[in-house]
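*Asks:* please work out how this folds:
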Amino acid sequence: MNKFARYLPALLALLLTGCDQNYTMDCDFVVVPYLQSDKNGRETIAEDIIGYYFYADTSDYEVASYEQAMAGELLSKKGLPEKVADGKAIVSGNDGSLRFNHLTQAKAVLVLCDTREKIYCWREAVMEPGIPEVFTRLRIRTWRTGETYREAGWTVTLPPSEESPDEPAEE
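*Replies:* The predicted structure follows:
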């Protein structure tokens, strides 16, 4: 009997059990947010960030305002009721990262709010079964004041620029 035939039953058993594995959806999504205040300046770890997650799809829901993001709510694009957050991110480690623990559905909308700078960011995250952690960076470019821009899957909305009102002429 050749060596291949001797190991064939064990090889078949391994292949068959491997094909029948049931992967559960349980993913930790980790975001490290950075601020860049000057166009060519260095990035610093963002502080005072809070985060929410929603089991929702960005084709159905969006974040319409900073106040809504802070309240942990999504606005429906299709006349559905507003969606309230399914959970909140926790700050983990010394690197300022936010951890969305145990996401158990294939799609989630992640929302971050910078409470100091009044900035909100959101994105859809797609999880795959069997992948326990996803790590990503978010670069918030505060020098782009007063606009909404997209970067690496995130929609970042900065507060309107604060122009000083015209002073009344003295008489």
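
*Asks:* shaky segments in this protein?
*Replies:* Counting by pLDDT under 70, the chain has low-confidence residues at 1-24, 162-171.

*Asks:* which ones are touching the residue positioned nearest the centre of it?
*Replies:* The centroid of the chain falls nearest to L110 when counting by CA atoms, centre = their mean (3.8 Å). Contact analysis of L110 by CB atoms under 8 Å, 6 or more residues apart in numbering lists F29, V31, G51, Y52, Y53, A89, F100, W122, R123, E124, A125. Just so you know, the C-beta spots here come from the backbone N, C-alpha and C atoms, and that holds for glycine as well.

*Asks:* quickly check those residues for the two that are furthest apart.
*Replies:* A89 and E124 (15.5 Å; CB to CB).

*Asks:* check which residues of stretch 70-90 are buried.
*Replies:* Residues of stretch 70-90 classed as buried by neighbour count (16 or more other CB atoms under 10 Å): G72, E73, L74, K83, A85, D86, G87, A89.

*Asks:* can you measure across it, start residue to end residue?
*Replies:* Across its full length, stretch 70-90 reaches 15 Å between end residues, using CA to CA, to the nearest Å.

*Asks:* repeat for stretch 32-46
*Replies:* 8 Å.

*Asks:* how far does it sit from its chain's centre?
*Replies:* With CA atoms, centre = their mean, to the nearest Å as the basis, stretch 32-46 stands 18 Å off its chain's centre.

*Asks:* so what's T136 bridging to?
*Replies:* Assessed by DSSP bridges, T136 has beta-bridge partners V31.

*Asks:* which residues does it contact?
*Replies:* Taking CB under 8 Å, 6+ apart as the contact definition, T136 lies against F29, V30, V31, V32, A152.
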